[in-house]
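Colleague: give me a 3D structure for the following:
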Amino acid sequence: MAAFDPSTTALLIMDYQNQIVADYAGGDPELTLRAASVLDAARAAGIPVIHVVVHFRPGHPEVANRGVFKGIKAAGAMIGGSEGTEIHPDVAPQSGDILVTKKRIGAFTGSDLDVVLRSLGSQHLILMGIATSGVVLSTARAAADLDFELTVVEDCCADQDEEVHRVLTRKIFARAADITTAKKLIAKLGH
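Modeller: Below you'll find the model as predicted:
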């Protein structure tokens, strides 16, 4: 695993929102607690923490009547400020954390994430998110195309399909990222 220079590393915790945690991570009650431990270690090491969330305006004007979000629009779901879009309390932002709002699956699409990362001088991204086959996959692919070094914390990612999670973390992400666990990452950060 590559060394972490706090001046060039950022940690992205993506879509750890109440509704998404409930829908995708119900089989792992320790997921949010592991993620909280990683956040604490990153903050202690001086690594910026960026919370990436997805939500929409009332009426969903940013969502077409086709594509992957049409069901969310039809259900009137994921409206900003609703309980389901709030960040899970176990991983709630702390003072100094950055909040980025996106409008699609990947963290770069419909957000100012690239501007924030470039302004921070980030070159290495640590990724944690729900779902592995959604935000983590889309963000990892975009970040690799943007020449970021990547680390994926596999046990701080979750998916409804365990086999999809396994294949992505062990075979697909491993081509462009270091794959680690929360425990190993915390030890590497010295906490």
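Colleague: count the neighbours of residue 188 for me.
Modeller: By other Cβ atoms under 10 Å, the residues close to residue 188 number 17. From N, CA and C alone the C-beta is placed, and that goes for glycine too.
Colleague: so it sits right up against residue 182, yeah?
Modeller: No: the criterion here is Cβ atoms under 8 Å, and residue 188 misses it with residue 182 at 10.7 Å.
Colleague: elements contacting the longest helix seen in the chain?
Modeller: For the chain, the helix with the greatest residue count under DSSP state H is helix 31-44. Counting contacts by 3 or more Cβ pairs under 8 Å, 6 or more residues apart in numbering; DSSP states H and E, helix 31-44 packs against strand 9-14, strand 49-54, strand 124-129, helix 182-188.
Colleague: show residues contacting that helix.
Modeller: Helix 31-44 is contacted by residues 11, 13, 16, 21, 25, 49, 88, 90-91, 94, 96-97, 126, 128, 130, 153, 155-156, 158, 182, 185-186, 189-191 when judged by Cβ atoms under 8 Å, 6 or more residues apart in numbering.
Colleague: re earlier: reformat the helices and strands packed on helix 31-44 as a markdown table; add distance to residue 75 and mean pLDDT.
Modeller: Listed next are these as a markdown table, based on distance: least, Cβ to Cβ, whole Å; pLDDT from 0 to 100:
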| stretch | distance to residue 75 | mean pLDDT |
| --- | --- | --- |
| strand 9-14 | 22 | 98 |
| strand 49-54 | 14 | 98 |
| strand 124-129 | 22 | 98 |
| helix 182-188 | 33 | 97 |
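Colleague: and after the helix or strand of the chain with the lowest mean pLDDT, which helix or strand comes next?
Modeller: Using mean pLDDT, DSSP states H and E, the weakest-scoring helix or strand in the chain turns out to be helix 70-75, at a mean of 91. As assigned by DSSP states H and E, the chain's next helix or strand after helix 70-75 is strand 98-102.
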